[in-house]
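J.: Any chance you can model this:
(2 chains)
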There are 2 protein chains.
Amino acid sequence: MIARPIAALNHATSSGGIRNHSDFSHVSCFKIIDSTLREGEQFSNAFFDTEKKIEIARALDEFGVDYIELTTPAASEQSRADCEAICKLGLRAKILTHIRCNMDDARIAVETGVHGVNLFLGTSSFSMKSSHGKKMSDVHKTALEVIEYVKARNIEIRFSSEDSFRSDLVDLLSIYQAVSKVGVNRVGIADTVGCANPQQVYDLIKTIRSVVSCEIETHFHNDTGCAIANAYSALRAGATHIDTTVLGIGERNGITPLGGLIACMVVADRDYVINKYNIKKLKAIEQLVADAVKIDIPFNNYITGSCAFTHKAGVHAKAVLNNPSTYEVLNPADFGIDRCINFASRLTGWNAIKARAEALSISLTDAQYKECTAKVKALADTREITADDTDSIIIGFHDAQKLGVSIECVRK
Amino acid sequence: MIARPIAALNHATSSGGIRNHSDFSHVSCFKIIDSTLREGEQFSNAFFDTEKKIEIARALDEFGVDYIELTTPAASEQSRADCEAICKLGLRAKILTHIRCNMDDARIAVETGVHGVNLFLGTSSFSMKSSHGKKMSDVHKTALEVIEYVKARNIEIRFSSEDSFRSDLVDLLSIYQAVSKVGVNRVGIADTVGCANPQQVYDLIKTIRSVVSCEIETHFHNDTGCAIANAYSALRAGATHIDTTVLGIGERNGITPLGGLIACMVVADRDYVINKYNIKKLKAIEQLVADAVKIDIPFNNYITGSCAFTHKAGVHAKAVLNNPSTYEVLNPADFGIDRCINFASRLTGWNAIKARAEALSISLTDAQYKECTAKVKALADTREITADDTDSIIIGFHDAQKLGVSIECVRK
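T.: Prediction:
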């Protein structure tokens, strides 16, 4: 029998993960446009004063995101002043602002000092009816006018449809081809309502890739839980840029989270990610933003969640003690995080108890470790137990063995 | 020009979402195996006493999950007693227990009264080296022996590999074909480390679909954020059952969350989901489990997160006031949840302020709404504002208009 491991058909990483790449894949050269200071400001809880915006922008820059997207300067006077202030920081990351596709907003945007302007305009029938009320012919005319105006000032320009996955395909291809021909730097594809699945993303991006010659930026809302997988799928199909926010904050329940994208991409191409981004800063930047918008980091947050590298069941603990890669596709050390074996439960196993005993400098026979484990399980059947409870049982069991007596109660 | 809307190429739902289905798709007839009382018990914080397990089992049954999976009765005495107790409840959902693939555990399991036994055995090189230490020939022998034993007692039987996506493909197909031939009810495919992406899932499930005649259960960990998309991809490729836990709790940062799967599947086939599952119970069951394991519901939780149906930016608010589907692919009313327009920020727009004024029985001209909105934005530029602040500005503005004076300060 000839062995054909699945991993060998794909891209194997040093951590044992697998990802398959297509010919036009940008998985190994993707760029991040972080929108915490734009999409993130649209999160219901968010209020960022100037000082906080600057602190977040500096932290994103230190993390290494390629672009930082800011709220339109047309939103309010302070939004304009903050945009100008962040442009003047001299960050390595390029500064973008995200504006409605009209000349009034464009005139304000180009005066702020931004490196690029991210235009958006709804192209679905929903948007055309309930939002801006324009027809597609008007969309074309307005888009080309604004693009020409911004380009003339040597500022990067992106044109994005809104709600791309509920737009007419011919309408979409037609407008993207038109804006590509006049030389936009990027087109943007947005799943504004979070309805797309990865196959649809792959198909649409691949089709758009065939009609435009510019970069392709993508923006995925997470209403149906596909925002990270959609970003990965977009890169496989030829997209070049992914929009993120720290912790995924944004309208409704948000977009592709920076940490979640990093988790996914580390498995896809660890070398690219760890050489380009300062991923040990992830935890700090998440805490900074969580504090700013007064939320707790979710218990199940990617990479930095409280239990992301905690192993509990006996089968898992045993294998992780032998080789962590058995149950880990990410290496917590890459992120400056520790792994944890939770040995204080009825699901524990004797290998975990043995490891804990050895950490306490206690040595027993295998039969004794198993007997000691049974005592831990028996107590854990009666109530929630702690690591201290378990240590007490191990130490008490050891003492009793030395004295040749049986011990049934927990050492206090 | 012939219009070819993307939505028309796929499956359009009444809520405006789109999903494409393949020929062997089980998207419209999937089943849920909820594992909150097995995988969820492996979540680091989880301790469920008998009473809590029964409360959760009843809630899952009321929600309408097809199967409830329980911790192996071999884990501890109380685990066995709890398994027996839940089997005796007479729930509509079938009860499974998840056991290591060995005769000792199988003998205990079949005595508990379960409807089915879910066997698992590691098949990756990692598992074979660091976990059970068996060779593939031993895996076959043991699996067939245990399957025969369980089947002889007229109990449903599933055989699952562990870490399927890092296993040798020939090994996998060989064992699945063998267990299918002896008549297992289901084979299980598990992304135990959370490394797979949706395309890999689709490819592997489609391949397995071609070598087995039984049902296909899938289990996706969420370390790299693809667990919901992978479940959807698996169903498209011919998988029949998806493992979930409430809030996704499990080893590390968990698996496909029940609520996230429902969000995704409502967009795929709303009629199937709302006729089969009692989705208005989602919020209550999530709160029950969150309280039991002492966690907060994440701010960005699917469907039930605090802001899942909150709209803030002016462009969004305006369109949602005209037609919520413009920025919502899920209807909050399906889940017994209200939507919210956050009009108290610098990002608000005059349509939102107009709607709020009308709710306060205040009528102004469009020019006045715009002037009033500018005042709201000006205050929101100086500090975080509340709905009460905004109401004060609107009421103050209205009073001033009536009196013919200008008002610059916020009404207290």
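
J.: what about the nearest residue to A:Val139 once chain neighbours are set aside, how many neighbours?
T.: Distances taken as Cβ to Cβ, 6 or more residues apart in numbering or on different chains place A:Leu121 nearest to A:Val139, at 5.7 Å, with adjacent residues excluded. All C-beta spots, glycine's among them, are computed from the backbone N, C-alpha and C. Applying other Cβ atoms under 10 Å in any protein chain shown, we find 23 other residues in the vicinity of A:Leu121.

J.: Kindly report the same for the one 4 residues further on.
T.: For A:Ser125, the tally of surrounding residues (other Cβ under 10 Å) stands at 17.

J.: what's near enough to touch it?
T.: A:Arg166, A:Ser167, A:Asp168 (Cβ atoms under 8 Å, 6 or more residues apart in numbering or on different chains).

J.: Rebuild those as CSV, extending it with neighbour count and distance to A:Cys372.
T.: Below are these laid out as CSV (neighbours: other Cβ atoms under 10 Å in any protein chain shown; distance: Cβ to Cβ, whole Å):
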residue, neighbour count, distance to A:Cys372
A:Arg166, 27, 60
A:Ser167, 28, 64
A:Asp168, 20, 68
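
J.: most centrally placed residue in chain A?
T.: Nearest residue to the geometric centre of chain A (Cα atoms, centre = their mean): A:Gly260, 2.7 Å.

J.: Quick check: that residue touching A:Cys226?
T.: No - at 11.4 Å, A:Gly260 does not count as touching A:Cys226 under the criterion of Cβ atoms under 8 Å.

J.: Model confidence for A:Ala313, exactly?
T.: Looking at A:Ala313, its pLDDT stands at 89.

J.: quick one: it from chain B, how far?
T.: Per Cβ to the nearest Cβ, to the nearest Å, A:Ala313 is found 5 Å from chain B.

J.: and A:Val376, backbone torsions?
T.: When read as degrees, to the nearest 10, the backbone of A:Val376 gives phi -60, psi -50.

J.: A:Ser137: which element?
T.: In this structure, A:Ser137 is located in helix A:136-151 according to DSSP states H and E.

J.: contact partners of the helix or strand just after that helix?
T.: Counting by DSSP H and E, the element after helix A:136-151 in chain order, helix or strand, is strand A:156-162. With Cβ under 8 Å, 6+ apart as the test, strand A:156-162 has contacts from A:94, A:96, A:101, A:115-124, A:127, A:131, A:143, A:147, A:150-151, A:167, A:172, A:175-176, A:179, A:184-190, A:192, A:217, A:219.

J.: remind me which residues of the stretch 201-350 of chain A are low pLDDT?
T.: Within the stretch 201-350 of chain A, no range satisfies pLDDT under 70.

J.: buried ones in stretch A:329-337?
T.: Buried residues in stretch A:329-337, counted by 16 or more other Cβ atoms under 10 Å in any protein chain shown: A:Val329, A:Leu330, A:Asn331, A:Pro332, A:Asp334, A:Phe335, A:Ile337.

J.: Now, those residues that are in helices?
T.: Assigned to helices by DSSP state H, none of those qualify.

J.: from those, which is closest to chain B?
T.: Chain B lies nearest to A:Val329 out of these, by Cβ to the nearest Cβ, at 4.1 Å.

J.: For that closest one, give its distance to A:Ser213.
T.: 36 Å (Cβ to Cβ, to the nearest Å).

J.: And A:Glu39, by the same measure?
T.: 27 Å.

J.: And those two? Which one has more around it.
T.: Shown here are A:Glu39 and A:Ser213; by other Cβ under 10 Å, A:Glu39 has more neighbours (27 against 9).

J.: ok, that one touching A:Thr245?
T.: Yes - if you go by Cβ under 8 Å, A:Glu39 and A:Thr245 touch, sitting 5.2 Å apart.

J.: For these two, list the residues in contact with both.
T.: Listed as contacting both A:Glu39 and A:Thr245 by Cβ under 8 Å, 6+ apart are A:Gly254, A:Ile255.

J.: got the contact list for the nearest residue to A:Ile157 once chain neighbours are set aside?
T.: Nearest residue to A:Ile157 in three dimensions, chain neighbours excluded: A:Val150, at 4.6 Å (Cβ to Cβ, 6+ apart). With contact set as Cβ under 8 Å, 6+ apart, A:Val150 has these partners: A:Ala106, A:Ala109, A:Val110, A:Val117, A:Leu119, A:Ile157.
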